[in-house]
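> Next comes the sequence, and after it the predicted model I'd like to discuss.
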Protein chains: 2
Amino acid sequence: MVPPTTANPRPGGRSARIQNSVHAAVRTLLEEHDRAQLSVPQIAQLAGVTPSTIYRRWGDVHELLADVAVERLRPESAPEDTGSLHGDLTAWMEQFVEEMASPEGRAFTRDAVAFGGAGRPACQCAAYTREQLDTVLNRARDRGEVAPAGQTVVDHVVAPLMYRILFTAETPGLDDARALVDAVLERANAAQTTPTAGI
Amino acid sequence: MVPPTTANPRPGGRSARIQNSVHAAVRTLLEEHDRAQLSVPQIAQLAGVTPSTIYRRWGDVHELLADVAVERLRPESAPEDTGSLHGDLTAWMEQFVEEMASPEGRAFTRDAVAFGGAGRPACQCAAYTREQLDTVLNRARDRGEVAPAGQTVVDHVVAPLMYRILFTAETPGLDDARALVDAVLERANAAQTTPTAGI
């Protein structure tokens, strides 16, 4: 799991290597242990660093778990281009709900929320989500399609799905994602044809 | 802070007394300590119970914090009756956002989310919210007003506010709550007058 050390690291390479090793150690340990059982010395040993390296950089095991969670929730590629806003947004939200509603996705999201620290955004993952949505929406505008504001999609598609995932026993599925996407796009189109109709 | 022992407790009174004492001890300790510093022996001492009583009932300090959080988030009275759905829902959501967006509300919500346990609803507080909303909505229907479904209000008013509180640096305010209420009620009224318009 631990990435190999390169012979000729970039500037900042040591710091990145430490992060990679420590994150990989956490992910490995989480496959076999409950997150409450993880300790800094245990993680340090597996990552091949000293415990004080971890304490200096992350503070404690909770901060480290949050950091691993955010890294895992970071999207790896640009949203798929299916040729239409409806197709792009549906595909992206289906993938989102599959990822977030999985037991692993829920656990990582809870870590990110719980340990994200006071007074700063609980989760960088919300910024990632917004960026990906803006890519989809801007692409639609470039095609000449009517597209709702990014904040509107966050409020009325992303937020309802995350609320169900975090606060209820319900596991939202692909149908829920599709229905919310359909509704937000219908409203954007209706607002476009009758400008006085509001959001 | 610890409630007095009554001379003639109801059936189940001992269990309720223990819960009250332990919850009160946690709330007292949270006024002066960071939640990460709380320990079961410390709580037990202040509550006048043995540590094993706490371990038996709550498992660990995280479960206990979640339980205190849910109890705190439980509404104490029925929603105010202002005479109209718009008034009732606006008043209720204003109170909700004030409570939830406060530093204390955020911290308790994070505890409830983070430690609510796997495989069951993260937070009984979502059920409390839904009950209160249904009271407001049923009251409106009894008056003959058009009211959206409870799930619609959760999806499009509660969820966007909670998402901003938990995942972004933004602190939603009364204006945000009012705007979301206005929008959901406008849509319910529009759907009523033009039944084909969708949600």
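Sure, I can see it.
> ok, now which ones touch the nearest residue to residue A:35 once chain neighbours are set aside?
Leaving aside its sequence neighbours, residue A:35 sits nearest to residue A:65 (Cβ to Cβ, 6 or more residues apart in numbering or on different chains; 6.2 Å). For the C-beta atoms, the positions are set from N, CA and C on the backbone; glycine is no exception. Residues counted as contacts of residue A:65 (Cβ atoms under 8 Å, 6 or more residues apart in numbering or on different chains) are A:26, A:35, A:38, A:111, A:115.
> In strands, which of these appear?
Of the contacts of residue A:65, none are assigned to strands by DSSP state E.
> What are the contacting residues of the helix or strand bottoming out on mean pLDDT in chain A?
Lowest mean confidence among the helices and strands of chain A (mean pLDDT, DSSP states H and E): helix A:103-115, at a mean of 76. For helix A:103-115, contacts defined as Cβ under 8 Å, 6+ apart pick out A:35, A:62-63, A:65-66, A:68-70, A:72-73, A:99-100, A:122-123, A:125, A:162, A:165-166, B:110-111, B:113-115, B:118, B:122, B:166-167.
> Which parts of chain A are helices?
Here chain A has its helices, by DSSP state H, at A:13-32, A:40-47, A:51-58, A:61-73, A:85-101, A:103-115, A:125-143, A:150-153, A:159-167, A:174-193.
> Highest mean neighbour count out of those?
Among these, helix A:159-167 has the highest mean neighbour count (mean count of other Cβ atoms under 10 Å in any protein chain shown), at a mean of 24.
> Mean confidence (pLDDT) on that one, please.
Across helix A:159-167, pLDDT averages out at 91.
> hmm, who's touching that helix?
Contacts for helix A:159-167 (Cβ under 8 Å, 6+ apart): A:93, A:96-97, A:100-101, A:105-106, A:109-110, A:113, A:170-172, A:176-177, A:180, B:113, B:121-123, B:125-126, B:154-156, B:158-160, B:162-164, B:166-167.
> before we move on, the earlier item: would you list the helices of chain A in CSV and tack on distance to residue B:137?
Compiled in CSV, these are given as follows (distance: least, Cβ to Cβ, whole Å):
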stretch, distance to residue B:137
helix A:13-32, 42
helix A:40-47, 49
helix A:51-58, 46
helix A:61-73, 34
helix A:85-101, 27
helix A:103-115, 29
helix A:125-143, 29
helix A:150-153, 24
helix A:159-167, 17
helix A:174-193, 19
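> and the ones you listed, which one's lowest on average pLDDT?
Among those, helix A:103-115 scores lowest, at a mean of 76.
> Which segments of chain A make up each domain?
A:13-59, A:76-197 (automatic domain parsing).
> centre of the chain versus the longest one, how much separation?
What that stands for is domain A:76-197. 11 Å (Cα atoms, centre = their mean, to the nearest Å).
> swap in the first one?
Once both centres are worked out by Cα atoms, centre = their mean, domain A:13-59 turns out to sit 21 Å from its chain's centre.
> related to what we said a few turns ago, could you export the least confident helix or strand of chain A as CSV, CA atoms only?
What follows is helix A:103-115, C-alpha atoms only, in CSV (Å, rounded to 0.1, in the frame of the first residue of the first chain):
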residue,chain,number,x,y,z
PRO,A,103,-21.1,2.0,4.5
GLU,A,104,-17.5,3.2,3.8
GLY,A,105,-18.6,6.5,2.3
ARG,A,106,-20.9,7.2,5.3
ALA,A,107,-18.1,6.3,7.8
PHE,A,108,-15.6,8.6,6.0
THR,A,109,-18.1,11.4,5.8
ARG,A,110,-18.9,11.1,9.5
ASP,A,111,-15.1,11.3,10.3
ALA,A,112,-14.8,14.4,8.1
VAL,A,113,-17.8,16.1,9.7
ALA,A,114,-17.0,15.1,13.3
PHE,A,115,-13.3,15.9,13.3
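> With residue A:103 as the reference, measure out to whichever residue of chain A sits closest to chain B.
Nearest to chain B in chain A, going by Cβ to the nearest Cβ, is residue A:114, at a distance of 2.9 Å. Distance, residue A:114 to residue A:103, by Cβ to Cβ, to the nearest Å: 16 Å.
> And residue A:35, by the same measure?
Between residue A:35 and residue A:103 the computed distance is 12 Å (Cβ to Cβ).
> Just read off the phi/psi values of residue A:49.
phi -130, psi 170 (degrees, to the nearest 10).
> ok, now which ones touch it?
By Cβ under 8 Å, 6+ apart, the neighbours of residue A:49 are A:18, A:21, A:22.
> cool, and residue A:51?
Applying Cβ under 8 Å, 6+ apart, the residues contacting residue A:51 are A:40, A:41, A:44.
> Excluding sequence neighbours, find me the nearest residue to the second one.
The reference is to residue A:41. residue A:51 (5.0 Å).
> before we move on, what about the last one?
The shortest distance from residue A:44 to any non-neighbouring residue, by Cβ to Cβ, 6+ apart, is to residue A:51 (4.4 Å).
> Is chain B within reach of stretch A:75-95?
No. Counting by Cβ under 8 Å from any Cβ of the partner chain, chain B has no neighbours in stretch A:75-95; the shortest distance is 13.8 Å.
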